[in-house]
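Novice: sequence first, predicted model second:
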Amino acid sequence: MPPQFIFVTGGVASALGKGITAASLGRLLTARGLRVTMQKLDPYLNVDPGTMNPFEHGEVFVTDDGGETDLDLGHYERFVDRSLHRGSSVSSGQIWLSVITKERRGDYLGKTVQVIPHITDEIKSRIHAVSEDTDVVIVEVGGTVGDIEGLPFLEAIRQFRYDVGRENICYLHCALVPYIAVSGELKTKPAQHSVRELRSVGLQPDVLVLRSDRELDDGLKRKVSLQCDVELDAVIAAVDSSSLYEVPLALRAEGLDRVVVKHLGLPDVEPDLAAWEAMVARVHAARDTATVAIVGKYVELPDAYLSVVEALRHGGIANGVDVKLRWIASDDLTPTDDIGEGADLSRAERQLAGVDGVLVPGGFGIRGVEGKIAAIRWAREHQVPFLGLCLGLQSAVIEFARHVAGLPDAHSAEFAPATPHPVIDLMADQRDVSDKGGTMRLGVYPAKLGEGTRTRAAYGDEPVVYERHRHRYEVNNRYRAELEAAGMVFSGLSPDDRLVEFIELPDHPWFVATQAHPELKSRPTRPHPLFDGFVRAARQHGREAEGRLPVDLDEPTAGELVDALRAEPDAVPSERQ
């Protein structure tokens, strides 16, 4: 069969959950044995989100091949369990840049370059490019119907039905059904107007997904079906869930995948959701809690650390732990005196008291860096589990150099170019780079792990691992011997030994940091090893702080208990049920 295409649009308001809806549908179709890939079309004129302020756009999700993409690609990968690539994220900026470049080269042979057909043809070519070796392509159109910047994308997907045949396309539209408290009613008019707006550009939805904070009755669905000219069984309720990983199961219960499969003429195979259902059961089976502090620069917008949060949840699912997050702005931990040996840690003491783990994520710029360093020092001195990511590793190296290795003025050349001890310095191949977009160390790189290290043990004793990167600065090799002599272990290096990829402290319950972004590869059914180990260490710290027995590493996790119960209910002691 030729590849089938599902286009997901949204109306009424942004943040309706189009990305989660698209990802959930991808999960359901994957569970039916179909090869599914996904793509996001974003209307903004930036070439990619790599140069955007995190407060503007949230997290930048990096693919294996180094693409800096929209955070929805993280949802896609986590749900479909497939690594995507830079072609899976398309912006208006990419489209217009490509068309103008072709015009300047003379590729259009003197023709007048216009939105139709040149811009729309370029959009369609990007969609076709991801359709090789796949059964279904799910394409989410960013923004809301009616936005002027999104019109070329809507026109392109309208034309697409003439390229591949209407029978090979399914248009799915997400709309809001708000609850008006004063009247005590759910209102369908916003959804109706949204569909009317979609029709005005030549698109008629085949499936309508209605977002609401409460259940929709059959009468309301019939009303929407009639007013919007959508089959009754294709009007799908998407009610708020306590966990986003429950959404595929909720949409399955509503019949979303069945309707789409029927519309596209795909084989109607019962989906195998056993592993996903078991994972969701583990979410509700958590017996322990662990409080993890995320000390970052952009905590006012949690979406800036979306993959970090999800990876922590994955570690919690695997270990039967309900991970409680304590968001701490690193600016608020900035010491009140100089950065030397006598730095005041009272702010860190107050805000970090009682946490079971400290996680310091990535970031750019000097703002808040001293607060990150203070948090790391507190975790190191108080023997609280610590995990550092990217700038988190760099901050850990600076902290260790200052307070353990006897280099009180140590810093990063990024933040203090005149520092006498640049323990973090610019990569040699970055010194002459002037453009900011897409010029960092991006994508997957290998690292060889040291034998006998906690890092290698966390990875199941794998000698070489591959992680995604997004940074310019590295540990300065001139200080490696000095830091090692003081007790720091460089537990992972690049294959040529030039770059430090992982560090750890052996005399600490869990003090591990990586130059990479391992959170980007974590999956709900397969948590990343570092997050799995970090959450388990945080669980043990929490138990010991409460005066309970330390964690028995041979004790079954909540996930294992759930699996045992599903297989043989009588096999598990009643007190553990």
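Specialist: Cool, the structure landed. Numbering: from 1, shown residues only.

Novice: for burial, what's the neighbour tally of residue 107?
Specialist: The local packing of residue 107 (other C-beta atoms under 10 Å) involves 12 other residues. Where C-beta positions appear, they are placed from N, C-alpha and C, glycine not excepted.

Novice: which residues of the stretch 251-400 of the chain score low on pLDDT?
Specialist: Judged by pLDDT under 70, the stretch 251-400 of the chain has its weakly predicted residues at 336-344.

Novice: got phi/psi on the most far-flung residue of the chain relative to its centre?
Specialist: For the chain, the C-alpha farthest from the mean C-alpha position belongs to residue 110; by C-alpha atoms, centre = their mean, that distance is 43.8 Å. Backbone dihedrals for residue 110, given as degrees, to the nearest 10, come out at phi 80, psi 0.

Novice: ok, now the one 5 residues further on?
Specialist: Dihedral angles of residue 115 (phi, psi; degrees, to the nearest 10) stand at phi -60, psi -40.

Novice: neighbours of it, how many?
Specialist: The number of residues packed around residue 115, counting by other C-beta under 10 Å, is 13.

Novice: quick one: the strands in the stretch 101-250 of the chain?
Specialist: Listed in chain order, the strands of the stretch 101-250 of the chain (DSSP state E, counting those that start in this stretch) span residues 136-141, 169-176, 179-180, 185-186, 207-212, 235-239.

Novice: okay if I get these as JSON lines plus mean neighbour count, distance to residue 4 and mean pLDDT?
Specialist: Listed next are these as JSON lines, based on neighbours: other C-beta atoms under 10 Å; distance: least, C-beta to C-beta, whole Å; pLDDT from 0 to 100:
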{"stretch": "strand 136-141", "mean neighbour count": "25", "distance to residue 4": "5", "mean pLDDT": "97"}
{"stretch": "strand 169-176", "mean neighbour count": "25", "distance to residue 4": "7", "mean pLDDT": "96"}
{"stretch": "strand 179-180", "mean neighbour count": "10", "distance to residue 4": "35", "mean pLDDT": "90"}
{"stretch": "strand 185-186", "mean neighbour count": "14", "distance to residue 4": "33", "mean pLDDT": "90"}
{"stretch": "strand 207-212", "mean neighbour count": "23", "distance to residue 4": "13", "mean pLDDT": "96"}
{"stretch": "strand 235-239", "mean neighbour count": "22", "distance to residue 4": "18", "mean pLDDT": "95"}
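
Novice: how far away is the residue farthest from the centre of the chain from residue 119?
Specialist: Per C-beta to C-beta, to the nearest Å, residue 110 is found 18 Å from residue 119.

Novice: and for residue 38?
Specialist: Using C-beta to C-beta, we find residue 38 at a distance of 22 Å from residue 119.

Novice: scan this structure for its longest helix.
Specialist: With residue count as the measure and DSSP state H as the assignment, the chain has helix 529-545 as its longest helix.

Novice: excluding its backbone neighbours, what's nearest residue 76?
Specialist: residue 38 (4.2 Å; C-beta to C-beta, 6 or more residues apart in numbering).

Novice: okay, and the beta partners of the one you found?
Specialist: Going by DSSP bridges, residue 38 is paired in beta bridges with residue 138.

Novice: near it, how many other residues are there?
Specialist: Residue 38: 29 surrounding residues under other C-beta under 10 Å.

Novice: I figured it hits residue 23, correct?
Specialist: Yes. Counting by C-beta atoms under 8 Å, residue 38 does reach residue 23; the two are 7.2 Å apart.

Novice: overlap in contacts, the two.
Specialist: Residues touching both residue 38 and residue 23 comprise 76, 80, with contact defined as C-beta atoms under 8 Å, 6 or more residues apart in numbering.

Novice: give the contact list for the nearest residue to residue 58 once chain neighbours are set aside.
Specialist: Leaving out its chain neighbours, the residue that sits closest to residue 58 by C-beta to C-beta, 6+ apart is residue 303, at 3.4 Å. Applying C-beta under 8 Å, 6+ apart, we find residue 303 in contact with 58-59, 71.

Novice: can you check residue 473 too?
Specialist: Taking C-beta under 8 Å, 6+ apart as the criterion, residue 473 is in contact with 394, 412-414, 424-427.

Novice: beta partners for it?
Specialist: Applying DSSP bridges, one finds that residue 473 bridges with residue 426.

Novice: okay, it: pLDDT?
Specialist: Predicted confidence (pLDDT) for residue 473: 92.

Novice: residue 101 versus that one, what's the distance?
Specialist: Spatial separation of residue 473 from residue 101 under the definition C-beta to C-beta is 31 Å.

Novice: ok, now residue 266?
Specialist: Look at residue 266 and residue 101: by C-beta to C-beta, they are 38 Å apart.

Novice: have a look at the two and say which one is more surrounded.
Specialist: Neighbours were counted for residue 266 and for residue 101 using other C-beta under 10 Å; residue 266 has more, 18 against 10.

Novice: surely that one meets residue 2?
Specialist: No. The pair residue 266 and residue 2 does not pass the contact test of C-beta under 8 Å, sitting 11.7 Å apart.

Novice: list residues touching both of the two?
Specialist: Taking C-beta under 8 Å, 6+ apart as the criterion, residue 266 and residue 2 do not both touch any residue.

Novice: where does the stretch 401-550 of the chain have low pLDDT?
Specialist: Residues of the stretch 401-550 of the chain meeting the criterion pLDDT under 70: 428-439, 548-550.

Novice: helices along that one, start to end?
Specialist: Listed in chain order, the helices of the stretch 401-550 of the chain (DSSP state H, counting those that start in this stretch) span 454-458, 480-485, 529-545.

Novice: which one of those lies nearest to residue 154?
Specialist: Of all these, helix 529-545 sits nearest to residue 154, with 38.7 Å by C-beta to C-beta.

Novice: and the closest one, what does it pack onto?
Specialist: For helix 529-545, the elements it packs on are strand 288-296, helix 306-319, strand 321-329, strand 357-360, strand 386-389, helix 454-458, strand 511-514, judged by 3 or more C-beta pairs under 8 Å, 6 or more residues apart in numbering; DSSP states H and E.

Novice: export stretch 301-319 to PDB, keeping only CA atoms.
Specialist: Once side chains and other backbone atoms are set aside, the C-alpha atoms of stretch 301-319 remain, and they are given as PDB (Å, rounded to 0.1, in the frame of the first residue of the first chain):
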ATOM      1  CA  LEU A 301       8.200  28.000  32.300                       C
ATOM      2  CA  PRO A 302       8.300  24.200  33.100                       C
ATOM      3  CA  ASP A 303       8.100  23.400  29.300                       C
ATOM      4  CA  ALA A 304      11.700  24.600  29.100                       C
ATOM      5  CA  TYR A 305      12.600  21.400  30.900                       C
ATOM      6  CA  LEU A 306       9.900  19.100  29.500                       C
ATOM      7  CA  SER A 307      12.100  16.100  28.600                       C
ATOM      8  CA  VAL A 308      13.900  16.400  31.900                       C
ATOM      9  CA  VAL A 309      10.600  16.200  33.800                       C
ATOM     10  CA  GLU A 310       9.300  13.300  31.700                       C
ATOM     11  CA  ALA A 311      12.600  11.400  32.100                       C
ATOM     12  CA  LEU A 312      12.300  11.800  35.900                       C
ATOM     13  CA  ARG A 313       8.800  10.400  35.700                       C
ATOM     14  CA  HIS A 314      10.100   7.500  33.700                       C
ATOM     15  CA  GLY A 315      12.600   6.800  36.400                       C
ATOM     16  CA  GLY A 316       9.800   7.000  38.900                       C
ATOM     17  CA  ILE A 317       7.700   4.500  37.000                       C
ATOM     18  CA  ALA A 318      10.500   2.000  36.900                       C
ATOM     19  CA  ASN A 319      11.300   2.300  40.600                       C
END
